[in-house]
Structures are given as structure tokens and as C-alpha cells.
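> All I have is the shape, not the residue letters:
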Ligand SMILES: Nc1ncnc2c1ncn2[C@@H]1O[C@H](COP(=O)(O)OP(=O)(O)OP(=O)(O)O)[C@@H](O)[C@H]1O
Ligand SMILES: Nc1nc2c(c(=O)[nH]1)N=C(CO)CN2
């Protein structure tokens, strides 16, 4: 058998794992990808056309995934060795080649990938026992960190713009092998984990009304086992399905909408103070400390005139886009709480929630990756009132402003408010850096593929996302985190 040069090659098997020496790697996880080559004499299987006489590549893929998502190791060398050991445990395999990729490794300069590549055979056996053998020895293999209790699925690779449905992970596994992803628990890494029942498929429409949606404590990076990522079309809110109360604004591209339906339409930027319909001052629309409703429309004629265009409240709801980010604490829970808090603000109707992206930090000191998403809202608040609502939500969830672009529990930026374009001391619209931030543009383009960023440097959001310098640092963590939670 050893002299036969038959090879079974399996490439691109990926899973989120918790390997690495940095605490953030142990806490947040990242994508690991394995390519394996099995040296197997395939003649007997071919002659009899018998699967049982060869190595079932689907089982190999599942086993590799278990190891990638399994007990954390400091080194990818160790993970590669474990894979080699597990595959060589099959006596029909005379040798294995393993390439282990860590494309999101914390390397402080641009890079594409880092790999280790090993060859093991009967003469050069693996340096570690196969996981499962290892785990039977007292104390061995017990991970020293607490990782999410649910094994995360590999993040969906970024779809090429302009946004076809996100492809499934590349492993060529049959459906029955895909559904029961192994569960890894920090307390036991049992050699043969019981199969996990797949959840029902993800709902057809991933964008949910906010009111009344149950909030589950989903750990960062976790995707419900068996959940099928929604298609991009699923992520686009059907008009009118947005809010729990009055119909929400249309969430369509200004390119697609006719002039009368332009979601970026706002009244004149500098309203006639004598015209009561022209706009309310920011404070009238801001929720009070007790959550007061904004001033009823038509009752603000006596209010002082707006101080600048950012205080002009639109007559009818306009669409605004808010970008949310977090890289301190239980980020996914924080983002979930933030969306709910925004939805609770009088004058804001959340109409769509974007997918969750894990993104390398842009600017600032060295810091952990962010979780980012965008939220589309319809609002009757003025731009400044909307900003203040965002700042209050940040503060309510514990944000402390320390250093610029430093780590933060929660950041909520106003990206656009209707068609408002302007710069004041405290607010610039559109957000001055949105056009170059893939961590904003990619989730936005996912949830509204036809979106257009107005203003200088603006353009179709999907196209801007394609050239944004931080694009390579963005990975989908969870396409339906909002509805699946
Ligand atoms: N479009 C905008 N959205 C949010 N804040 C803005 C905007 N334009 C100006 N600001 C001002 O920026 C101030 C600082 O915001 P913040 O601390 O969130 O900045 P940052 O998130 O660290 O950096 P960046 O603005 O690059 O995202 C806010 O208090 C607000 O007054
Ligand atoms: N990846 C990422 N990088 C950032 C982010 C963010 O939300 N995500 N926010 C910043 C300031 O708002 C600065 N840098």
C-alpha cells in the first residue's frame, strides 16, 4: 500500500476555532482552514466500486472540522498535527499532508494568509496523539479558556459585489454531514460528540420587526447549528413590513425609487421658521429622560427656530442609516441591546438590521476585532436629535469615551439622514469616513443592495465597499443574527 501514489485531496475545510496565544483569539475565535491529502491505495475500492473499501471524504471533512473547532491550542502546528494523527488513525491511510491556514491571524501588517504544512506517515508519525486518544489521558486536552458553548459555523465568505447570495462554506460535504456540526464544550472534548440536531432553517425574511423580538444571549461568533444563511434578497426588508406599529419608510435605493418616493427626501434644509410644518427643533423631538414622545406634529409653531439645518426635523419619516460597532465586552449582546434601545426611541422605527461582521480594527491603537453591523431606520427626528439618541444609547450601554478610535463597548454613528449633507461643529452628514469603511459599507450593501451614499466621495454603496481599504479585514460572523437570536 505504501508504494501506491493514489491521493484523496480535500481542500478548504473551514471552521471557527479558538487557537492562538492571544486572549482575544481564545475569546473571539477566528476562521481556520485545512487542506488535507490522504495517501490511500484506491484500487480495491475502484475495482469493486465500494465506498467501504476507501476513505469516505465526507467523514474526513467532519473529523477535520471537529478538530478545527475543538480544543484550543496555542499553535497551528499543533492543530495540523492533531489532524494528521486523526487521519492516520485509519489504517488504510499510509500518509497524510496537512496544510493549516490561519488567514485572520493577528499580524500587524497586511497579509493574505499564514499556513503550516506537514507530511506525516508511518515512518514519521505525528507528534501528538489523535484527539480522542489524547482526551482520555487525565487532564490532557482540557482547554484553558471558556469558549462559546455552541460551535460556530465558519463565517460565510464575502460574496463578490454587487451582492449575490452569500455562498455556503466550501467543504464538499453532503447535506447530512453539513447539518450536525459537532458541538465543542469547554469542559469536555469528547472523542465522539453526540450529533446535534439541526435547527429549523432560517426564516425566509431575516429582517424582523423589532418590537417583541425575543433577545437571546448569543455568544459572539456563534451561529445556530444547522441554520442556513439567508440569501441577500432575504435580508432586504419588504416595504411596509418593518415596524410593529405604523408602516415604516420604504427601504429601497434612491436609485430605484421615483422622485416622490425618494427615501432620502427631506424638507428644505433651512426651513421657514414661520412655517409650522417646516421642522421641529431638536429638543422637541428628542426623547426626554423619561422617554417622552417627540412633540406632536403641528404643535411646534411656538418653539424657537432651529439653530441650523441639523435641527430640522423632517415632515415625513426619512431613512437614516446607523452604523454600530463594538469590540469590548459581550459585543453581540451589546449590539442586540443597542438595536432594541434604538427601536425604543420615540421617532425612530427600525426597519432593517444588517448582518453581523467581524472586522479588523481600522485606525487607533492595536485592539481586538470589532463586531459591526448597520441598522436602517425611518425617523422623524432631526439629524441632531438622531445623533443625540445614538449618543444616549451608547451611554446607556456603558460607552466611555477614552481615546479616539480606541476600543469601545459601543459606537453608534449616523451615516446618513435622508439626503442631508452638511457639516456643523457636532455633526457631519453623511458620516465623513463612511465612504471608505468596509465595516460600514459591506453590511449596508448586504441589507440594502441598491443603497447610494450621497455627497462628495459617495456613490453606490456596494461599489464603494469593493474598493474600501479595510475590505479584506471583514468577515461575516452571522448573516441572520438578528432574527436567529
Ligand atoms: N455622522 C456622525 N455620526 C456620529 N458622530 C458624529 C458624526 N459627525 C460628527 N460626529 C461627532 O463625533 C463625535 C465623536 O464621535 P465618536 O467618539 O463616536 O467618534 P469615533 O466613532 O471614535 O470616530 P469616527 O467618527 O471616525 O467614527 C460625536 O460626539 C459627534 O458629535
Ligand atoms: N473595524 C472597525 N474599526 C473601527 C471602527 C469599527 O466600528 N470597526 N470604529 C472606529 C471609530 O468609529 C474606528 N475603527
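Perfect, I can see it now. This structure is a prediction, so every number in the text was calculated from the model and none was measured. Ligands and ions are numbered 1, 2, ... in the order given.

> Is whichever strand or helix holds residue 477 in proximity to ligand 2?
According to DSSP states H and E, residue 477 maps onto strand 474-478. No - judged by CB under 6 Å from any ligand atom, strand 474-478 makes no contact with ligand 2; its nearest approach is 7.8 Å. C-beta: built from backbone N, CA, C; applies to glycine.

> Residue 317 contacts residue 381, doesn't it?
No - assessed by CB atoms under 8 Å, residue 317 is found out of contact with residue 381, at 9.4 Å.

> Give me the more crowded residue out of those two.
Each of residue 317 and residue 381 has its neighbours counted (other CB atoms under 10 Å); residue 381 has more, 28 against 23.

> partners of the strand holding residue 477, with directions?
Strand 474-478 has the following sheet partners, assigned by DSSP bridges: strand 356-359 (antiparallel).

> So what touches the strand it pairs with?
28, 30, 155, 221, 325, 332, 335, 369-373, 438-439, 442-443, 470, 473-479, 481 (CB atoms under 8 Å, 6 or more residues apart in numbering).

> near ligand 1, which residues of the stretch 1-150 of the chain show up?
So the stretch 1-150 of the chain never meets ligand 1 (CB under 6 Å from any ligand atom).

> Now do the helices in the stretch 1-150 of the chain.
23-28, 43-48, 57-68, 76-88 (DSSP state H, counting those that start in this stretch).

> can you list contacts of the longest one?
Just to be clear, that refers to helix 76-88. Outside helix 76-88, the residues touching it (CB under 8 Å, 6+ apart) are 17, 19, 32, 34, 36, 38, 60, 63-64, 67-68, 73, 93, 95-96, 98-100, 102, 114-118, 120-122, 125-134.

> Pull the number of nearby residues for residue 405.
Around residue 405 there are 12 residues (other CB under 10 Å).

> Kindly confirm my reading that it is in a strand.
No - secondary structure of residue 405 (DSSP: H, G, I helix; E, B strand; the rest coil): coil, not part of a strand.

> Model confidence for the spatially closest residue to residue 125 that is not a sequence neighbour, exactly?
Distance criterion CB to CB, 6 or more residues apart in numbering; nearest residue to residue 125, sequence neighbours excluded, is residue 88 at 7.1 Å. We have a pLDDT of 95 for residue 88.

> which stretches of the chain have low pLDDT?
1-3, 132-306, 401, 485 (pLDDT under 70).

> Looking from ligand 2, tell me which residue of it is nearest.
Proximity of the chain to ligand 2 (CB to the nearest ligand atom) peaks at residue 325, 2.5 Å away.

> and that residue, that's in a strand?
Yes - under three-state DSSP, residue 325 falls within a strand.

> Tell me which residues touch it, please.
359, 370-372, 408, 410-411, 413, 439.

> Apply 6 Å and report the result again.
Contact analysis of residue 325 by CB atoms under 6 Å, 6 or more residues apart in numbering lists 370, 372, 411.

> Can you list the buried residues in stretch 406-418?
407-418 (16 or more other CB atoms under 10 Å).

> Ok, stretch 457-465 next?
460-462, 464-465.

> Need those in TSV (columns: distance to residue 307 and secondary structure).
Formatted as TSV, those follow (distance: CB to CB, whole Å; DSSP: H, G, I helix; E, B strand; the rest coil):
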residue	distance to residue 307	secondary structure
460	34	strand
461	31	helix
462	36	helix
464	32	helix
465	35	helix
